[in-house]
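Novice: Below are the sequence and a predicted model for it; my questions follow.
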There are 2 protein chains.
Amino acid sequence: MAEQHTVKAFDEDINRLRGLIAEMGGRVETAIDEAMTALVEQDLKKAKAVVLGDERIDALESEVERLVVQIIALRAPLADDLREVIAALKIVGVVERIGDYAKNIAKRVPKIGDHRTIEPISLLPSMAQVASEMVGDALNAFSARDALLAEAVIARDSVVDSFYNSIFRTLVTYMVENPKTISECAHLLFIAKNIERIGDHATNVAEMVYYAATGEYLPERDKDVKIES
Amino acid sequence: MAEQHTVKAFDEDINRLRGLIAEMGGRVETAIDEAMTALVEQDLKKAKAVVLGDERIDALESEVERLVVQIIALRAPLADDLREVIAALKIVGVVERIGDYAKNIAKRVPKIGDHRTIEPISLLPSMAQVASEMVGDALNAFSARDALLAEAVIARDSVVDSFYNSIFRTLVTYMVENPKTISECAHLLFIAKNIERIGDHATNVAEMVYYAATGEYLPERDKDVKIES
């Protein structure tokens, strides 16, 4: 009886943990999408909302941490269960960082002003969409313990890297031809880099999910974009 | 007797954990310093050594993770001890990322070529030195459970941010006046940003150390550099 009781309590804790992570993931995906909309539509109010919304994401991370410590202390989980709560702890650390990248994009919006003449910007929203979907799928893979979905996320990182290389080259060419836009373009370069890092971090999450689901590490890959330009 | 035995085994585990983290920290500090030397002296061989050396840093992170899971599973640490091993897990995640920034700087060295005419580069090594010392002190604070040293690390992040703002402005001005150097300067901008992020991550580590040492969270600060330019 006592053991059943403990198992049930553990399952409830794990469900609460998954719920918190799902909420955090949803908020981070929204933050990325809203930051890009704010950029494209020069919507400073929306940009500010993304910056402020990051506090809730940080608070969710702290909540997960406290819950993990509590689960370990009270339930003393073994093997697979312990691996899952440790994976949860690591995953929220990465998701929090993805939220910071979205916030960073939003913070740059007021520095860029009217960029509609800067042609390379047109690729950024498509790039961000791929990265944002990677984040969503990585967290879905975590909820479903789906190692295959995790691998699919990892495979998509090269799409984000290709976008980045293309945007880097186009922006540099544009800066050479339009030196007056260099400051704005530098911010756009950093935005492209932020999105590229979101893809890397989604890949990190997917690798952790793969490990939590299978107990095996994927061979170490170099997530960095190849610095071609 | 049995309990004493467990306590001793736990202390041995914790010492091994601290040893691994100290080794990792030492390697990361060296990686930052060597990457900057490679940049300043245009030493491609040294840059490559930094890139290759990152594998050992990643391996140390995995070793710490395995050890933490083992400690939790075998020793079932309570309260303060559990907080310390969880902090160790989070800290190595951040230290690994700092290693990635050093690797990223090293990877850009061949893209920059002869930059000795680019004046803003002269500030980068001093900036990197402050950031690298912050990393070292944050890890010393962890070994010594020294909350005051952790706070001192956090306070120094504003120095790194000031360097960053100054370098950003100087580089943008330089690019406007010398459009032929834009591609090299873009890489230098990213290097400055990498160093700024190293400072942020050292601050993150210091915050975790503060929490592990005192059981209290410091008030949430905005580590991001103010985007002035």
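Specialist: The structure has been received and is ready for your questions. Numbering: from 1, shown residues only, chains lettered A, B, ... in the order given.
Novice: Go ahead and flag the most central residue of chain A.
Specialist: Chain A has A:Ile98 as the residue nearest its centroid, 3.6 Å off, counting by Cα atoms, centre = their mean.
Novice: I figured that one was touching A:Val28, is that so?
Specialist: Yes - counting by Cβ atoms under 8 Å, A:Val28 is a contact partner of A:Ile98 at 5.2 Å. The way it works is simple: take the backbone N, C-alpha and C, and place the C-beta from them, glycine included.
Novice: Mind listing the shared neighbours of those two?
Specialist: Residues touching both A:Ile98 and A:Val28 (Cβ atoms under 8 Å, 6 or more residues apart in numbering or on different chains) are A:Val135.
Novice: my guess is A:Leu82 meets B:Ile72, correct?
Specialist: Yes - between A:Leu82 and B:Ile72 a contact is recorded at 6.3 Å, counting by Cβ under 8 Å.
Novice: what about the two, which has more around it?
Specialist: Here A:Leu82 and B:Ile72 are compared on neighbour count by other Cβ atoms under 10 Å in any protein chain shown; more neighbours surround B:Ile72, at 23 against 18.
Novice: Contact partners for that one?
Specialist: With contact taken as Cβ under 8 Å, 6+ apart, B:Ile72 is in contact with A:Ile72, A:Leu82, A:Ile86, B:Leu82, B:Val85.
Novice: Quickly find the element holding it.
Specialist: Assigned by DSSP states H and E, B:Ile72 belongs to helix B:44-75.
Novice: so that helix versus helix A:44-75, what angle?
Specialist: Calculated by axes from the mean of the first three to the mean of the last three Cα atoms, to 10 degrees, helix B:44-75 forms an angle of 40 degrees with helix A:44-75.
Novice: Just the residues contacting stretch A:122-135, thanks.
Specialist: Stretch A:122-135 is contacted from outside by A:25, A:28-29, A:32-33, A:35-36, A:39-40, A:95, A:98, A:153, A:156-157, A:159-160, A:163-164, A:166-167, A:170, A:188, A:191-192, A:195-196, A:198-199, A:201-203, A:205-206, using Cβ under 8 Å, 6+ apart.
Novice: just stretch A:77-85 next, same as before
Specialist: Counting contacts by Cβ under 8 Å, 6+ apart, the residues outside stretch A:77-85 that touch it are A:10, A:14, A:17, A:68, A:71-72, A:75, A:211-212, A:215, B:69, B:72-73.
Novice: Is the helix or strand of chain A with the lowest mean pLDDT positioned near chain B?
Specialist: Using mean pLDDT, DSSP states H and E, helix A:2-41 stands out as the lowest-scoring helix or strand of chain A, at a mean of 88. No - figure legend: helix A:2-41 not in contact with chain B (Cβ under 8 Å from any Cβ of the partner chain); closest approach 13.5 Å.
Novice: packing partners for that helix?
Specialist: Here helix A:2-41 touches helix A:44-75, helix A:79-112, helix A:124-144, going by 3 or more Cβ pairs under 8 Å, 6 or more residues apart in numbering or on different chains; DSSP states H and E.
Novice: Nearest approach to B:Ile182 belongs to which of those?
Specialist: Nearest of the helices and strands packed on helix A:2-41 to B:Ile182, taken as Cβ to Cβ: helix A:79-112 at 17.7 Å.
Novice: so the closest one versus helix A:124-144, what angle?
Specialist: Using the same axes, to 10 degrees: helix A:79-112 against helix A:124-144 is 160 degrees.
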